[in-house]
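**Q** Got a sequence here, can you build the structure:
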Amino acid sequence: MKALVALILLVQLPIHKAVPAAPPAPLGCDDPESVAAAEAAVNYINANSHHGFKFTINRIGDIRVVPQGPNNDIIFLELDLLETKCPILSPTPLANCTVRSFAEHAVEGDCDVKLQKVNGTLSVLASKCNSHADSGEDIRKLCPDCPLLAKLNNTEVLETVAAALNAYNSKTTDSYLRLLEIGRAKIQYHPAHTVVAEFAVGATNCSAEEAKANAGACQLLPEDQSNFGFCTAVMVKRPSQDLQVDCQLYGHQVPAPHVPLPSQDTSAGLVPSAVGFTNHNLGLSHNNPAASESSSSEILRSMLSAKSVAKRAVAEAAQHDKVPRPVGFVPPPPPCPGKIRHFDI
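**A** Got it, this is the predicted structure:
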């Protein structure tokens, strides 16, 4: 009899269905976690770029997080970067690198990056980047007299680099310097015809005096002794002629940075992808050898998949949000894109 009563009571008890928990709010582009992922990404990009200058974050355009399991997330980032004044070979920490101003004809980079975060540790799986200089029209609107970037294989630029390097080597008592690559150049015609060129150099196994006999025989120092640097040359061609060159050597770095392979003549300062262009294209499609990414196209496919997952998450979160809003309520700004840190181009 007691068992029958218990069974009747059990049948009469209301059954409460479990209400699924609302998915977490999407990560904002300026949230600390997003910034940490972006910093890891840009450090990876600079470490795997071997030409031109270092880039820094201007804005986090978008972030998507796809959970893979406990303490395991895949993160997709869209980044807007800006070129700094630090050559890629410079040991200067990125935090201490100055962004080139808009008037200096800024160069912007656009990157898609895929990362993984496991137990709080971030690692980059793959990245795909491109870069481009701001349009000359935009520069002229705000600064009509500012010189624009010249093509890296411009005849006047090549002549300036050759003359500057010869001038420096003829006066130095240290190692003979050899051109690695031309980084950027500008030509101004008024009020004076002036060429400004910036280029990377490497110390060789010859003294400047020894190189006078046969400069072609001088080779870059081996990796365990390598010493790279950067030079800026200013050549005034009219109304009077003048040449100034300043070179800074960084000293031996451990580990030694990867350097572009030079050849014998001045035009060797240009990799094929830079010939005819005003800036070295960041043009980085890099897969981490330790990751399982098969190609950079995997990033794009994964980005599209991540966006669809994120959109569903946002829609589900909106369905769970039933809290009435008071009159005059102003919703917070959208989580992405993030704030512009320097300037928009």
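**Q** Quick one: name whatever helix or strand follows the helix or strand harbouring Phe230.
**A** In this assignment (DSSP states H and E), Phe230 forms part of strand 228-238. Downstream of strand 228-238, the first helix or strand assigned by DSSP H and E is strand 242-249.
**Q** thinking again about what came up before, pairing partners for the strand holding Phe230, with directions?
**A** strand 193-207 (antiparallel), strand 242-249 (antiparallel) (DSSP bridges).
**Q** Show me which positions of the shortest one end up buried.
**A** For strand 242-249, the buried set under the neighbour-count rule, 16 or more other C-beta atoms under 10 Å, comprises 245, 247, 249. C-beta here means a position set from N, CA and C on the backbone, and glycine is covered the same way.
**Q** gap between it and the chain center?
**A** For strand 242-249, the separation from the chain centroid amounts to 27 Å (computed by C-alpha atoms, centre = their mean, to the nearest Å).
**Q** neighbouring contacts of it?
**A** Strand 242-249 is contacted from outside by 160, 163-165, 167-168, 177, 201, 203, 227-236, using C-beta atoms under 8 Å, 6 or more residues apart in numbering.
**Q** burial count for the nearest residue to Asp30 once chain neighbours are set aside?
**A** Using C-beta to C-beta, 6 or more residues apart in numbering and skipping the chain neighbours, the partner closest in space to Asp30 is Gly338 (4.4 Å). Neighbour count for Gly338, taken as other C-beta atoms under 10 Å: 23.
**Q** cool, and Gly52?
**A** 26.
**Q** same deal with the one 5 residues further on?
**A** Using other C-beta under 10 Å, Ile57 has 21 neighbouring residues.
**Q** can you give me the offset of the helix or strand containing it from its chain's centre?
**A** Taking DSSP H and E as the criterion, Ile57 maps to strand 53-69. With C-alpha atoms, centre = their mean as the basis, strand 53-69 stands 11 Å off its chain's centre.
**Q** Tell me which helix or strand comes right after it.
**A** Next along the chain from strand 53-69, counting by DSSP H and E, comes strand 72-87.
**Q** mind putting the strands paired with strand 228-238 in JSON lines, mean pLDDT and distance to Ala38 included?
**A** Formatted as JSON lines, the strands paired with strand 228-238 follow (pLDDT from 0 to 100; distance: least, C-beta to C-beta, whole Å):
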{"stretch": "strand 193-207", "mean pLDDT": "95", "distance to Ala38": "27"}
{"stretch": "strand 242-249", "mean pLDDT": "96", "distance to Ala38": "29"}
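**Q** Which parts of stretch 142-154 count as buried, going by neighbours?
**A** Neighbour-count burial for stretch 142-154 [16+ other C-beta under 10 Å]: 146-154.
**Q** Looking at the residues you listed, spot the one nearest Ile60.
**A** Within the buried residues of stretch 142-154, the smallest distance to Ile60 is 26.5 Å, found for Leu149 (C-beta to C-beta).
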